[in-house]
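1. I'd like to go over a predicted model; first the sequence, then the structure.
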Amino acid sequence: MVTVAVTAKFHNPSLSRRKEWQQATQLYRDNKQFCIDGWENGDFDKSVTTASINNNLYSAIQNQAIREAKSDHSKDGAVRYRESQPFAVNNQNWELDTTENGTVVVGFPCVSQWWYTPIEVYDDIADPVERLVEGDADKTRLQVYRRGDDWYCTFNIEYAADTAGETPIGVDIGERHILAATAHGEDKSMLVSGGEAKYVRRKYRSLRESLAEAGALRARNRVGDKEQRRITDLNHKLSRRLITFAEQFANPVIRMEDLEGIREDSSWSGVHSWHFHQLQQFITYKAERAGIRVEKVDAYHTSQRCSACGSTGTRDGDHFSCSECGRGRHADLNASENIAQREGDPCTA
Ligand SMILES: [Zn+2]
């Protein structure tokens, strides 16, 4: 999902508009303060509705004021609002449209009526605004406020990322095979066994153990440094190989597990997880240098799900099999294919 934050200036709003918007600003602020004070003093409970508020704002705006006050009150208690608050209306109660001559107009209810007013649209927001007009995007709440003599509105536009022509490459990093990558729709994959990393760790562990027995503390720490350097070299090599693999496809996009989503039971939680984290970082910055976008995806269920039909399958060692559609595949490649199929969020190193 792509989210574009839009702030736009209203184009020459008439005096009657500006007067009413100023009035709405004041009423909106008073509404919120009325709610906060009422809750603090115990005058009414949280189920307060627009019926209990006596002013001239359209109910869509009053409702938004109550919602905001509720959220502020639960976070900060006895809030005192300043005068220069924007007033707001929820996403369903305002409009963005174009007039016959192509002017972009924002419409929202206020005190006496709905006001439709042109906004200034510059190149940086022209594309998302057009998507919204065409009905290919969603909008969030609208906020309206004054700065100096000018009036502005601000809102977000949200739409699905345009992925036509891209080749998603799912990357699974883990203990058994350190790197498994699948290019979605290309029938090509890459699998690197974790053998070398395991060998490095085993070799240095036994060295450390024998040095510890001999009481050679400084020598033991040096061995730890050497092990880290070996792993770092290995991660550089692996990430370069992956970038080379990715570069053979048209507009590659690398998708990897979101670290936030890593759970206790995954191989990432072990003592060597820094090894995997470092590999992911190397992939991210090398990809960016090569002009390849990296996305992080929710890795939930990627090793249990059949990448062909979506059913839950069974894993037996390296082999994954699905009883629904009969598919059998290398378990880590099945996982990487699931990752390739997921929509992700942009990721930076
Ligand atoms: Zn299946």
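-> Here it is on my side, so go on. Values in this document were obtained by computation on a predicted structure and should not be read as measured data.

2. Excluding sequence neighbours, find me the nearest residue to the residue of the stretch 1-150 of the chain found nearest the ion.
-> With Cβ to the ion, the shortest gap between the stretch 1-150 of the chain and the ion falls at residue 1, namely 27.4 Å. Any C-beta I mention is one placed from the backbone N, CA and C, and that applies to glycine too. Nearest non-adjacent residue to residue 1, counting by Cβ to Cβ, 6 or more residues apart in numbering: residue 158, 5.9 Å away.

3. got the phi/psi numbers for that neighbour?
-> Torsion angles at residue 158 (phi, psi; degrees, to the nearest 10) stand at phi -120, psi 130.

4. What are the boundaries of the helices in the stretch 1-150 of the chain?
-> Here the stretch 1-150 of the chain has its helices, by DSSP state H, counting those that start in this stretch, at 15-41, 59-76, 123-134.

5. swap in the stretch 151-300 of the chain?
-> Counting by DSSP H, counting those that start in this stretch, the helices of the stretch 151-300 of the chain are 195-213, 217-247, 273-289.

6. For residue 306, which of the ones you listed is the nearest?
-> Among those, the nearest to residue 306 by Cβ to Cβ is helix 217-247 (23.6 Å).

7. average pLDDT for stretch 43-50?
-> The pLDDT scores in stretch 43-50 average 82.

8. And that stretch, what's buried?
-> For stretch 43-50, the neighbour count (16 or more other Cβ atoms under 10 Å) marks 48, 50 as buried.

9. CSV for the helices of the stretch 1-150 of the chain, including mean neighbour count and distance to residue 154?
-> What follows is these, written out as CSV (neighbours: other Cβ atoms under 10 Å; distance: least, Cβ to Cβ, whole Å):
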stretch, mean neighbour count, distance to residue 154
helix 15-41, 17, 14
helix 59-76, 18, 14
helix 123-134, 15, 11
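
10. Can you pull the residues of the protein lying near the ion?
-> Contact residues, the chain versus the ion (Cβ under 5 Å from the ion): 306, 308, 309, 311, 322, 324, 325, 327.

11. any idea which of those residues has the most stuff around it?
-> residue 306 (23 neighbours; other Cβ atoms under 10 Å).

12. Pretty sure it sits against residue 314.
-> No: counting by Cβ atoms under 8 Å, residue 314 is not a contact partner of residue 306; they are 9.7 Å apart.

13. Now list whatever residues contact both of the two.
-> Shared contacts of residue 306 and residue 314 (Cβ atoms under 8 Å, 6 or more residues apart in numbering): residue 320.

14. Quick check: which ranges of the stretch 151-300 of the chain have low pLDDT?
-> Residue ranges of the stretch 151-300 of the chain with pLDDT under 70: 162-163, 259-272.

15. What average pLDDT does stretch 66-74 get?
-> So the average pLDDT for stretch 66-74 ends up being 94.

16. Would you mind putting the CA coordinates of it into PDB?
-> Output in PDB follows, covering the C-alpha atoms of stretch 66-74 (Å, rounded to 0.1, in the frame of the first residue of the first chain):
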ATOM      1  CA  ILE A  66     -15.900  14.000  19.800                       C
ATOM      2  CA  ARG A  67     -13.700  11.200  18.400                       C
ATOM      3  CA  GLU A  68     -10.600  13.400  18.700                       C
ATOM      4  CA  ALA A  69     -11.500  14.500  22.200                       C
ATOM      5  CA  LYS A  70     -12.000  10.900  23.200                       C
ATOM      6  CA  SER A  71      -8.600   9.900  21.900                       C
ATOM      7  CA  ASP A  72      -6.800  12.900  23.400                       C
ATOM      8  CA  HIS A  73      -8.600  12.300  26.800                       C
ATOM      9  CA  SER A  74      -7.600   8.700  27.000                       C
END
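
17. How far off centre is it?
-> Mean-position distance between stretch 66-74 and its chain equals 25 Å (Cα atoms, centre = their mean, to the nearest Å).

18. Give me the contacts around that stretch.
-> By Cβ under 8 Å, 6+ apart, stretch 66-74 touches 31-33, 35-36, 39, 46, 48-50, 53, 79, 88, 90.

19. Let's see that with 6 Å instead.
-> 32, 35, 36, 39, 79 (Cβ atoms under 6 Å, 6 or more residues apart in numbering).

20. Could you dump the residues you listed into CSV with pLDDT added?
-> As requested, those are arranged in CSV below (pLDDT from 0 to 100):
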residue, pLDDT
32, 95
35, 94
36, 95
39, 93
79, 93
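
21. would you list every one of the strands in the stretch 51-200 of the chain?
-> Counting by DSSP state E, counting those that start in this stretch, the segments of the stretch 51-200 of the chain that form strands are 87-89, 95-98, 104-109, 114-118, 138-139, 142-147, 150-159, 167-173, 177-183, 188-193.

22. Can I get these in JSON lines including mean neighbour count?
-> Shown next, in JSON lines, are these (neighbours: other Cβ atoms under 10 Å):
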{"stretch": "strand 87-89", "mean neighbour count": "25"}
{"stretch": "strand 95-98", "mean neighbour count": "16"}
{"stretch": "strand 104-109", "mean neighbour count": "18"}
{"stretch": "strand 114-118", "mean neighbour count": "17"}
{"stretch": "strand 138-139", "mean neighbour count": "16"}
{"stretch": "strand 142-147", "mean neighbour count": "18"}
{"stretch": "strand 150-159", "mean neighbour count": "18"}
{"stretch": "strand 167-173", "mean neighbour count": "26"}
{"stretch": "strand 177-183", "mean neighbour count": "25"}
{"stretch": "strand 188-193", "mean neighbour count": "17"}
